[in-house]
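Asks: Structure for the following, please:
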Amino acid sequence: MRPSWIISHILVCALVVSTFTLGMWQLSRLDERQSYNSIVASRFEQPVEQLSDLLQSFEEESDILYRVAEVSGEFDPSKQIYVVNRSQNGVAGVHVVTVLETLESSLFVAINRGFIPRSVYLEANPEDLSPPTGKVDVIGLVIAGKKDDRGYGDEMAEIDLEVLSDYWQIDLTSVVLQRKDLDAVTGIPIPLLPPDLTEGPHLSYAVQWFIFMSIALIGYPLVLRKVSKETVEIT
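Replies: Residues are numbered from 1 along each chain as shown. Purely as a prediction, here's the structure:
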């Protein structure tokens with residue numbers, strides 16, 4: 001009960017509470033990840049629909065995310081940007097995003113056409129990275145745009161639909177279509193990988209925090225017992 005030991009008790013109690021809280025937080029993250037995986041997997045199984053029909057059928061943008069949609073139209077090569085600092089299979093590169101104007105519903109859709117390795121991106125002639133001409137049918141995964149505070153330019157950190165709409169003076173749809181119908185055995189851009197549906201490291205992290213908590217709960221009383229016994233023997 002000496003002051004130095006009281007401080008030690010408080011610190012160990014704080015350690016136990018902290019590790020327990022962190023362990024429970026990781027379990028909650030695991031639960032969120034499992035829920036996300038379940039939603040994405042179920043939406044993958046839905047039939048392919050026209051993007052315009054999906055946009056009209058659901059009030060909330062989040063309700064159509066990760067659905068597979070189809071649009072038909074023509075790419076506008078003058079409206080193309082590159083999303084930098086991306087990687088795929090350990091290779092650094094960029095994503096190329098081009099506007100597609102639909103023929104029937106007059107929608108302007110930002111199409112993420114795929115991944116370009118950085119070495120190819122830096123050395124390629126811009127014309128070699130242009131989209132195909134004429135009418136195209138695009139099938140892809142509906143994903144959300146993200147905010148990018150860097151502003152305008154041909155290179156962006158994220159696909160910021162609001163910024164791009166202002167930059168190109170058009171009304172882009174509220175979602176991005178991540179193209180998946182590419183034959184990219186040798187071609188560029190390379191199709192993007194589907195969303196990661198693994199559970200991540202959350203469970204292993206939670207176990208680690210609970211192990212630390214258990215060590216404190218079991219080890220500290222043993223230390224106190226040993227110190228108390230040695231004190232009695234000395235006395």
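Asks: Verify the stated contact: residue 118 with residue 88.
Replies: No - here residue 118 does not reach residue 88: they are 10.8 Å apart, not a contact under Cβ atoms under 8 Å. From N, CA and C alone the C-beta is placed, and that goes for glycine too.
Asks: quick one: contacts for residue 64?
Replies: 54, 55, 57, 58, 142, 175 (Cβ atoms under 8 Å, 6 or more residues apart in numbering).
Asks: and of those, the nearest to residue 211?
Replies: residue 142 (41.1 Å; Cβ to Cβ).
Asks: Which of the contacts of residue 64 ranks first by neighbour count?
Replies: Highest neighbour count within those: residue 175, with 23 neighbours (other Cβ atoms under 10 Å).
Asks: Stretch 84-99 spans what distance, first to last residue?
Replies: 17 Å (Cα to Cα, to the nearest Å).
Asks: which residue packs closest to the residue most central in space within the chain, ignoring adjacent ones?
Replies: Ranked by distance to the mean C-alpha position of the chain (Cα atoms, centre = their mean), the top residue is residue 195 at 7.8 Å. Leaving out its chain neighbours, the residue that sits closest to residue 195 by Cβ to Cβ, 6 or more residues apart in numbering is residue 40, at 5.6 Å.
Asks: Show me how far the helix or strand harbouring that neighbour is from its chain's centre.
Replies: Under the criterion of DSSP states H and E, residue 40 resides in helix 3-44. Centre-to-centre, helix 3-44 and its host chain are 21 Å apart (Cα atoms, centre = their mean, to the nearest Å).
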